Structure formats: C-alpha cells, structure tokens
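> whatever this is, show me its structure:
(one chain, ligands or ions: 1)
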Amino acid sequence: MFDRILIANRGEIALRVIRACRELGISTVCVHSTADADGPWLEWADESICIGPGPAADSYLRIDRIISAAECAKADAIHPGYGFLAENAEFATVCRDCEIAFIGPSPEAMALLGDKVSCKRMARKAGTPVFPGTEGEIDDPEEARQVAEEVGYPVIVKASAGGGGRGMRVVENEAGLMDAIESAAQEASAAFGNGSVYIEKYLAKARHFEVQTIGDGQGGAVHLFERDCTSQRRHQKLIEEAPAPNVDRAKRDLVCESAARLIGAANYGGAATVEFLMDEHQDFYMLEVNTRVQVEHPVTEMITGIDIVQEQIRVAAGEPLSVSQDQIKVNGHAIECRINAEDPDRNFMPQAGLIETFDPPGGLGVRVDSHARAGYRIPPNYDSMIGKLIVHAPTRDQAIARMQEALRQFRIGPMKTTIGLHRRMLDRPEFKTANFDIKWVENWLAEQA
Ligand code: ADP
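Below is the predicted model of the structure:
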C-alpha cells in the first residue's frame, strides 16, 4: 500500500480523498493555488504545497508543477479527483514515466474509453447497448445521409472527443444535416483539436441512467448498480439518486452487467461510470464512459456501503477489489442535492465571497460532503459547488422526506444558494413520482419565468 498520496485537486473532493487516505493509514499532501491558500481542507492534509496563482491553467492544470510537488513531498501516488487533470491521458502517462502511481486507469484504457467512437466500438463488442448511428467517424457525406435516414430524424451530430456538451448539434431533417456536421466539426476541432464527428439517434424524452463500475485493471470488473441523474439544468446535474426509481429490475440488471463487461474488456483499473440515456420503453443507449470518480459517487456508497475512493486506491496499489459482485447488494435509497453558491433567481449567477453562516444539518442517514465553513471566503476562480447533501433511508419516499428536512435545516449565508430551489424541486410531482425526463427542470423553470 502507498505511504503518501498527493491530491491534485481542491474543495470537497480533496477533503473526500483525505478522509479515505487517513482511514487507510496513508498520509496526504495537497497542492493548492494562491486563491485556495486558506482552503479549510488544507488543514486536514499532512502537508500542503502552493503550485501557482488562482487561474487553474497556472496551477491545478500544470502537470510539471504537480509532478515537482509530488517529488518534493515524496508522494508515491497521485489522486486526481474529478475535473482538472482527472481524465487527461498525458498526465497519467507522465505520472507513469516518473514512477508515481496515478490513481485511475492506465493511459491506454483512459484513451480507449475516453474517445467516444472507440468506446462505442468496444461497447458493441461487449454487448453494452449503444445508440443506433454511424459505426465510426463520418468521412463521407453520402454515408452520413444514409445513416441519418436509417436511424430516423431527429438525429444528433456529436464530436468523438466531445465533453461539456460542446460539438453537439440536434438535426431535425435532412436539410440541416450537412451544416450541422460542418459546424460541429469546426467547434470540435477548435475545442478539442480533433474535428471528427459521428451521428446517433436523438432521444427527445429520456432519463439519465448511469452505472458505477470498478475495474481491477486485469480484465475483471464489478458494478455497484446505478444512479439516476435526470434532474439537470443545462446538462449540469442537480439531484442524483440511487437506485433509479421505476425501472424494471431485470432490465436494470442486464445493463449493469453489460457496463461491467465493458470496463473489464478495456482492462480498466479503478472507478468508471458508464452513462446511458433511457427512453420511455426502458431501452438503454450508452452516452459515454467517465474515467474518474464522479461528484455523485456518494449515493452509491450509501446504498452499497462501499467506499469507492478507497477501492480506487486499492486497485492503483495493485491490491484486489475488497468485494466480489455477489457481495454487492442494494440497501435502501439515497439522494444527493448539489449545493451551489448560485442565485437561481438571477440566472444562477455564481456567488463568491465570505460565508458568514454555515449550519449544516445532521441526524440519522444525513451526510454532508463539504469543504465550506463559516469564515470561509469562496474564491471566484472555480466552480460554484460548495457542498453535497446526501441522505439515505429505507425507501425513496422516506429519503425525500429526510432530504426535505435536511434542506430546511441547512443554513448558509449571506450569499444565495440552490437550497431553496432543491426544496421546490423535491416538492414537484415530476420528481415525487419519478415521472420525469432530462428536460423537466428546464421546462418547469421556464414555466415560472
Ligand atoms: P458531453 O461529454 O459533452 O457531456 P454527452 O454524450 O455526455 O456529452 O451528452 C451530454 C448531454 O447531451 C446528455 O446528458 C444529454 O442530455 C444530451 N444528449 C447527448 N446525446 C444525446 C442523444 N443521442 N439524444 C438525446 N440527448 C442527448
């Protein structure tokens, strides 16, 4: 096992990794920017090293500085968290070259699953359900026309290297197809340096369904069942829950097993999420694979009792997974609300500044993963998430009631947060009955405006 892990991240996920390490008897080194010099999580690390100014491009994204810090601090592994360098295959390669373990997949497995076209090819072989559409990149306009015709409009043109919703175009009919391909390719080559695009069926009404998996890096993998993340705004998840409500259990099991097969086939080591859209008939279509731990991993931890970050560390250290598939059981229901310092009444404007009040809730089945506290000044440089509120209860209805009370008791000020919005979302019939699709929050917000 490792002696010392460097955490190349900040905020709640840095704190999450510190907790996992300490429980395993591993010491921690946090790198940070000058904007995060008084980040409360740094107090809990054994050591912290400043690697540059506030802009992430000059600190959290600087591979050279992070590696130097790891060498100075004699860290034998690096945990990248999520975002920043977590899905950067070059970073994983540099770590390997410097003989520092990267807590995540090999650069090869990351590249294979991170590219949407190669991932889709691999998924087909593993029997993971994918969208009908082009086999690979489109290089012939006639072929594009034919494929779009076959799958039926509307279709969506997507970038192979896509991320963050860029390089995507929904096309309603043949007249718009060529323009969409051209503009998506242009946007993708500007954003990712790779202009290849592909076509798939566009689902107008869908739920977001994702499977948590952990691969052992030797061809084996387990799944920890699924999460539903249908409550989103602008492709940003707001509420996540596990297990997914109102889904046929036999279909659910098949798709979870197929996700684990894909991760095993890629010789993937560590935590990965296989994301799907689910249509009204409960048919599943793979969107992409995220090759890192995700923000919403706690809901899966609550229903399975498995510490996903510790499993990541074990696999990276060459140890076997602590559980086998038949030992993994679903217990109860968990919900997570992302608490963002944003003003929902003013187009979700981010709220930086000094937190004067921070009174988190507690009680049975209530978990708060947050780096914030009273007296902490939120820097303007990073994302606006200041914490995650997670509840666990025997049933979904009980979890909703528990979340409502926990939100009611969560006091943060003076800045605006998404707490009030969450209380209203949880009260909506769409959410209560889980009769929803990925547009429901936006439609509801638009009705109120
Ligand atoms: P990115 O990596 O850019 O986030 P994804 O493939 O994960 O791209 O898709 C982002 C979002 O775009 C999805 O969550 C979904 O809302 C929408 N989307 C993507 N593909 C489709 C599709 N075939 N049909 C309907 N919506 C889609």
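> which residues of the stretch 1-150 of the chain fall in helices?
Ranges of helices within the stretch 1-150 of the chain are 11-23, 63-72, 89-97, 107-114, 116-126, 141-151, based on DSSP state H, counting those that start in this stretch.
> could I get these as JSON lines with distance to the ligand and mean neighbour count?
Heads up, the C-betas are built off the backbone N, CA and C, glycines and all. Formatted as JSON lines, the helices of the stretch 1-150 of the chain follow (distance: least, CB to the nearest ligand atom, whole Å; neighbours: other CB atoms under 10 Å):
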{"stretch": "helix 11-23", "distance to the ligand": "19", "mean neighbour count": "22"}
{"stretch": "helix 63-72", "distance to the ligand": "22", "mean neighbour count": "18"}
{"stretch": "helix 89-97", "distance to the ligand": "16", "mean neighbour count": "18"}
{"stretch": "helix 107-114", "distance to the ligand": "10", "mean neighbour count": "21"}
{"stretch": "helix 116-126", "distance to the ligand": "7", "mean neighbour count": "18"}
{"stretch": "helix 141-151", "distance to the ligand": "10", "mean neighbour count": "16"}
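> mind putting those in TSV, mean pLDDT and distance to Leu262 included?
Formatted as TSV, the helices of the stretch 1-150 of the chain follow (pLDDT from 0 to 100; distance: least, CB to CB, whole Å):
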stretch	mean pLDDT	distance to Leu262
helix 11-23	98	25
helix 63-72	98	28
helix 89-97	98	18
helix 107-114	96	8
helix 116-126	94	4
helix 141-151	91	22
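> residues contacting whichever residue of the stretch 251-400 of the chain sits closest to the ligand?
Relative to the ligand, the nearest point of the stretch 251-400 of the chain is Leu287 (4.2 Å; CB to the nearest ligand atom). Residues near Leu287 by CB atoms under 8 Å, 6 or more residues apart in numbering: Glu275, Phe276, Leu277.
> equivalent analysis for Glu280, please.
Neighbouring residues of Glu280 by CB under 8 Å, 6+ apart: Lys205.
> tell me how far it lies from Arg124.
In this view, Glu280 and Arg124 are 23 Å apart by CB to CB, to the nearest Å.
> do the same with Ile18
Taking CB to CB, one finds Ile18 at 40 Å from Arg124.
> do the same with Trp41
From Trp41 across to Arg124, the span is 42 Å (CB to CB).
> for Gly332, which non-adjacent residue is closest in space?
Closest residue in space to Gly332, ignoring its immediate chain neighbours: Pro394 at 4.9 Å, by CB to CB, 6 or more residues apart in numbering.
> my bad, Lys120
Among residues not flanking Lys120 along the chain, Val130 sits closest, at 5.2 Å (CB to CB, 6+ apart).
> the one you found pairs with what?
Going by DSSP bridges, Val130 is paired in beta bridges with Met286.
> right, and it touches Cys119 too?
No: between Val130 and Cys119 there is no contact under CB atoms under 8 Å: 9.0 Å.
> overlap of the contact sets of those two?
The contact sets of Val130 and Cys119 overlap at Met286 (CB under 8 Å, 6+ apart).
> list the contacts of the nearest residue to Thr418 once chain neighbours are set aside.
Counting by CB to CB, 6+ apart, the nearest residue to Thr418 once its immediate chain neighbours are dropped is Asn340, at 4.7 Å. By CB under 8 Å, 6+ apart, the residues touching Asn340 are Phe348, Pro350, Ser384, Met385, Ile386, Thr417, Thr418.
> go again with 10 Å.
Residues in contact with Asn340, defined by CB atoms under 10 Å, 6 or more residues apart in numbering, are 236, 238, 348, 350-351, 383-387, 416-419, 421-422.
> ok, now Tyr268?
Each residue near Tyr268 by CB under 10 Å, 6+ apart is listed here: 104-106, 108-110, 112-113, 213-221, 262, 289, 291, 315.
> what's the spacing between it and Gly215?
Using CB to CB, Tyr268 is found at 4 Å from Gly215.
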